[in-house]
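Asks: Okay, here's the prediction I keep looking at, along with the sequence it came from:
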Amino acid sequence: MFSRTLKVILALIPHLTDLLRDRKRFILFGRPRDVTDKVHKKRAVELRETISSLGATFIKLTQILSSRADILPPHYLLELSKLQDQVPPIDGKYIIEAIENEFGKKIDDIFERFDKEAIAAASLGQVHRALYSGEEVIVKVLKPGVPELVEMDLDIMMRLTDAFNFFYPSHEADILSTVVSEFSKIIREEMDFRKEAENISIFSENFKGHPDIIIPEIFTALTSRKVLVLRYYKGVKVDDVEALKGMGISVEDLIKKLILLYSHQVLVDGIFHADPHPGNILVNEEGKIILLDFGMVVPIDDETKRELVKAAISGAKRDYDGLVDALIKLNIIGPEINVSVMKDAISVMTDIFDKKKVNKKRIKELTNEIFNTFYQFPLNLPSNLVYLFKSAVMIEGIGMKFDPSFNGIKDGTPIVKEMFREAMSEPKTDIIDFLFQKMKDTYKMTENLETILKRAERELFRVRLHPVDILRIEGYLGYILRRVIVGISSLTNAVVGSMIYIRNGNLIVLCLFLGFSVLLMTLTFLLPARRLFDYRSRHAKRVEREMGRDYPFR
């Protein structure tokens with residue numbers, strides 16, 4: 001435990017120190033440091049390499065953080081998204097030993113054939129082919145020693161986040177603690193294959209009879225905490241473009257199926273597969289999608305689902321009022337945020353994604369500029385939406401493998417709208433529940449209005465300032481205070497010089513003191529005001545010039 005803790009701390013301390021010193025030059029006090037984009041990019045690469053060396057738990061956590069625009073700056077998001085949960089497989093004899101220990105039988109008494117060579121390997125487990133009751137199956141096995149290492153790493157993570165909160169108490173630090181806590185729960189579930197079997201059963205029911213989706217069949221007799229056996233399905237990875245074209249698969253149809261698959265999970269079923277990397281999505285010769293690895297599955301409650309639908313439809317209709325309202329109800333942005341600024345920012349991003357002639361590289365550059373500006377807002381991403389956005393990014397990456405001009409938002413909107421129309425055209429049995437919910441909302445609004453009136457009567461109203469506005473006020477007051485201090489120093493210097501001259505009549509001393517006072521007073525009026533916007537706002541203004549439109553961040 002001690003050696004592992006020491007290794008992690010020694011690896012991460014330089015990165016944490018840099019981050020803390022960027023906020024406060026001397027960690028506990030001091031001004032922020034101005035760091036160039038080049039330095040940020042270099043640091044991001046070094047951090048990715050460090051995380052890769054720390055192993056499975058840290059790689060998986062960082063994969064989640066790589067979709068958290070509310071915690072990490074864009075350069076880090078881009079670089080950390082390159083982390084892959086791929087490791088060399090361990091010797092098959094250790095896997096056979098783990099299976100025999102789990103079931104208390106020899107491997108030959110369980111399977112008619114077991115291939116020692118793994119067909120896939122990840123940080124937590126690896127997969128082998130076998131023959132069971134005359135059927136080809138895949139056997140997923142938890143690697144020996146992994147649970148103990150993961151628990152050790154989780155303990156180290158919690159201690160590090162506690163230390164980070166102590167040195168840098170902030171909105172980001174609170175969110176980071178929440179992310180680590182949620183991650184701990186999810187990775188523990190991933191290490192129990194019985195939970196994955198439950199998830200597979202849910203998805204099998206949701207896609208029962210679907211013509212284009214295959215969910216693997218479970219062999220329950222061989223399902224345990226450390227071993228999972230599923231029917232084997234032959235297919236190629238969804239991003240293997242050449243193989244798919246050789247099979248005569250229509251790329252356009254496949255992309256549409258992928259969008260429908262995830263839209264249905266999120267907007268209809270309320271539960272989605274949260275790890276859609278290419279190795280977990282196969283395509284067979286008939287063009288059917290085979291979904292694998294259900295260790296990371298995230299539920300979405302009805303209210304969130306309803307607001308996601310509202311956000312999707314509002315975005316498609318360019319109804320930015322409705323979109324911002326949905327984002328507030330999803331707790332992504334706080335109600336205290338400057339709504340007009342947020343609407344204009346969303347409008348700019350929509351324009352970027354709508355530009356058909358903007359190449360992939362330029363879209364990334366412009367989007368990076370926008371996210372640099374968004375980073376100053378106290379955005380919050382609920383844990384289920386973090387995995388949703390992570391999945392959306394992965395699907396976008398798969399789409400761009402087929403078509404470099406693929407745009408998930410633009411290309412997926414017509415499909416989502418059509419699916420929503422079909423859902424609305426079907427007779428609904430829950431209309432009474434919907435009306436009842438509206439009545440409850442109205443009653444709650446009445447109660448809130450009564451509370452507001454009572455507070456007004458008791459003069460208990462409070463004004464909350466947005467953190468960005470507080471920074472601006474702080475900067476302005478600091479600027480005024482510096483001028484006052486310089487002015488007082490100048491006056492004091494003149495008085496002291498005059499007193500010395502009165503006492504000993506030394507004209508040279510008087511001239512020196514008065515000259516220095518005049519210099520200080522001159523500096524008082526020439527002292528430049530501190531820029532109230534940091535480098536992220538300057539990025540936004542550059543975007544304004546390039547987009548040729550009035551930009552809201554001023």
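Replies: Perfect, I can see it now.
Asks: where in the stretch 51-200 of the chain is pLDDT low?
Replies: Applying pLDDT under 70 to the stretch 51-200 of the chain flags residues 67, 69-70, 84-86, 171.
Asks: can you give me the strands for it?
Replies: Assigned by DSSP state E, counting those that start in this stretch, the strands in the stretch 51-200 of the chain fall at 113-114, 120-121, 125-132, 135-142.
Asks: Switch these over to a markdown table; also include distance to residue 105.
Replies: Any C-beta I mention is one placed from the backbone N, CA and C, and that applies to glycine too. A markdown table is the format used below for those (distance: least, CB to CB, whole Å):
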| stretch | distance to residue 105 |
| --- | --- |
| strand 113-114 | 12 |
| strand 120-121 | 24 |
| strand 125-132 | 13 |
| strand 135-142 | 14 |
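Asks: can I get those in JSON lines with mean neighbour count and distance to residue 176?
Replies: Formatted as JSON lines, the strands of the stretch 51-200 of the chain follow (neighbours: other CB atoms under 10 Å; distance: least, CB to CB, whole Å):
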{"stretch": "strand 113-114", "mean neighbour count": "16", "distance to residue 176": "43"}
{"stretch": "strand 120-121", "mean neighbour count": "17", "distance to residue 176": "30"}
{"stretch": "strand 125-132", "mean neighbour count": "20", "distance to residue 176": "27"}
{"stretch": "strand 135-142", "mean neighbour count": "20", "distance to residue 176": "28"}
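Asks: quick one, which of these is nearest to residue 400?
Replies: Counting by CB to CB, residue 400 lies closest to strand 120-121 out of those; the figure is 23.6 Å.
Asks: my read: residue 62 touches residue 82, true?
Replies: No. Using CB atoms under 8 Å, residue 62 is not in contact with residue 82; the gap is 10.2 Å.
Asks: Identify the contacts common to those two.
Replies: residue 48 (CB atoms under 8 Å, 6 or more residues apart in numbering).
Asks: between these two, who's got more neighbours?
Replies: With neighbours defined as other CB atoms under 10 Å, residue 62 and residue 82 compare such that residue 62 has more, 20 against 12.
Asks: Return the residues in contact with the more buried one.
Replies: When the contact criterion is CB under 8 Å, 6+ apart, the partners of residue 62 are 48, 51, 80, 83.
Asks: From residue 328, how far out is it?
Replies: Distance, residue 62 to residue 328, by CB to CB, to the nearest Å: 29 Å.
Asks: Check residue 286 too.
Replies: Between residue 286 and residue 328 the distance is 44 Å, computed by CB to CB.
Asks: Which one of those two is surrounded by more residues?
Replies: Each of residue 286 and residue 328 has its neighbours counted (other CB under 10 Å); residue 328 has more, 17 against 11.
Asks: Now do the more buried one, the pLDDT please.
Replies: Per-residue pLDDT puts residue 328 at 83.
Asks: ok, now residue 546?
Replies: Note on residue 546: pLDDT of 45.
Asks: Count the neighbours of residue 153 for me.
Replies: Quick note: residue 153 (other CB under 10 Å) scores 22 neighbours.
Asks: Give me the buried stretch members for whichever strand or helix holds residue 10, please.
Replies: Element membership for residue 10, per DSSP states H and E: helix 2-23. Residues 8, 11, 12, 15, 16, 18, 19, 20, 22 are the ones in helix 2-23 that count as buried (16 or more other CB atoms under 10 Å).
Asks: Show me the contact partners of that helix.
Replies: Here helix 2-23 has contacts from 27, 32-33, 35, 43, 46-47, 50, 53-54, 58, 149, 152-153, 156, 159-160, 164, 167-168, using CB under 8 Å, 6+ apart.
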